[in-house]
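# for reference, the sequence and a predicted model appear below.
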Amino acid sequence: MGNEMNILLEKAEVLIEALPYIRRFNRKIIIIKYGGSAMIDEELKQNVIKDVSLLKLVGFKPIIVHGGGKEINSWLSKVGIESKFVNGLRVTNEETMEVAEMVLNKVNKDLVGLIEANGINAVGISGKDGRLLQVEKKYSDGADIGLVGEITKVNPKILFDLLEKDFLPVICPLGMDENYKTYNINADDVACAVAKAMSAEKLAFLSDIEGVYKYADDPSSLISELHITEAKKLIEEGYIKGGMLPKLNNCIDAIKKGVNRVHILDGRIAHCLLLEIFTNKGIGTAILADQEEKYFKES
Ligand SMILES: Nc1ncnc2c1ncn2[C@@H]1O[C@H](COP(=O)(O)OP(=O)(O)O)[C@@H](O)[C@H]1O
Ligand SMILES: CC(=O)N[C@@H](CCC(=O)OP(=O)(O)O)C(=O)O
């Protein structure tokens, strides 16, 4: 009994510590880009779902944008198709598109099921539903990468309607062009576009790395606060590679377009989302506007 009481008191203390943050973010829109290893490891997946469900329960308005790059790779290899990337974007021909669409829709509904199992009403949609995401063909440094979409318009009405009715929207990165043709979109692009269109308070990228490293393979070079001018410089000087490129470019774009808090977090750390929002632990990389001198959570 004594032990149970101690556990209860510990939990109460955590809750009391979190109260100012709950008050501050209450009713605010938080976009969570969920990808990388945290999507494949079952335990980490459950943790992420619990965190997001808790955020919803305490009054935040979370929206999940998920990836699934690793699942697409695995299904492509099962059917004998090679995965190719240019600057972190999948080269997507018709065949690859078919597999990607099937996999992303499955990942989407699986996540909805897990969230529902936590007692939260979730609705899974792709960027095709309600014409949420309109795209045109995207080129990467002039190279033709096939059916990859550049987002040209976001119609966030469906998302506002879902939030209004207290649903948790779960979005997968597909869109259509003006001829209703389906495109594959990088999920980081989707998260950023949705955050901008909805004037989100916060955009958090959950990935499979601690944050941004100055030297791609050197964890001791983790940068915990990165101003956008420095971020652009790191990109220009070639320090940022692969999947971190679209992620960091989107972070810069989101900050420039008025999203208040943009963060790259390590999805491999259990409950990283709660740690970032409710504590002063300073995990991951916070992307800051140039004039912002320090990342004050209390401000
Ligand atoms: N400078 C860098 N700092 C951190 N990660 C980097 C850097 N350059 C390249 N990367 C790579 O980017 C990857 C993250 O992008 P990605 O795999 O697309 O993530 P996600 O699947 O979560 O969207 C890291 O695992 C790492 O291999
Ligand atoms: C065009 C493009 O690259 N689309 C991505 C969409 C999924 C994604 O972005 O998944 P992660 O966030 O888990 O990497 C792809 O096909 O892999």
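Received, thanks. Ligands and ions are numbered 1, 2, ... in the order given.

# for I64, which three-state class applies?
The assignment at I64 comes out as strand when based on DSSP: H, G, I helix; E, B strand; the rest coil.

# count of neighbours near it?
As a burial measure, I64 scores 25 neighbours (other CB atoms under 10 Å). C-beta here means a position set from N, CA and C on the backbone, and glycine is covered the same way.

# and it, what does it touch?
32, 34, 52, 111, 168-171 (CB atoms under 8 Å, 6 or more residues apart in numbering).

# what's the neighbour count on the closest residue to ligand 1 within the chain?
Of all residues in the chain, G243 sits closest to ligand 1, at 1.8 Å by CB to the nearest ligand atom. Here the count is done by other CB under 10 Å, and G243 has 21 residues near it.

# cool, K33 as well?
By other CB under 10 Å, 30 other residues sit near K33.

# three-state assignment of it?
Under three-state DSSP, the three-state class of K33 is strand.

# picking that back up, which of the contacts of I64 fall in strands?
Among those, the ones falling in strands (DSSP state E) are 32, 34, 168-171.

# okay, the residues you listed in CSV with distance to ligand 2, pLDDT and neighbour count next?
Formatted as CSV, the ones in strands among the contacts of I64 follow (distance: CB to the nearest ligand atom, whole Å; pLDDT from 0 to 100; neighbours: other CB atoms under 10 Å):
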residue, distance to ligand 2, pLDDT, neighbour count
I32, 12, 97, 25
Y34, 8, 95, 26
L168, 19, 98, 24
P169, 17, 98, 25
V170, 14, 98, 27
I171, 12, 98, 26
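
# show me where the stretch 51-200 of the chain has its helices.
Using DSSP state H, counting those that start in this stretch, the helices found in the stretch 51-200 of the chain span residues 69-78, 94-117, 157-164, 187-197.

# how about the residues of the stretch 51-200 of the chain by ligand 1?
Residues of the stretch 51-200 of the chain that fall close to ligand 1, judged by CB under 6 Å from any ligand atom: 67, 69, 88, 188.

# can you get me a residue count around the closest residue to ligand 2 within the stretch 51-200 of the chain?
Scanning the stretch 51-200 of the chain for the residue nearest ligand 2 gives G67, at 2.1 Å (criterion: CB to the nearest ligand atom). Residue neighbour count, defined by other CB under 10 Å, stands at 25 for G67.

# please consider this matter closed, and thank you.
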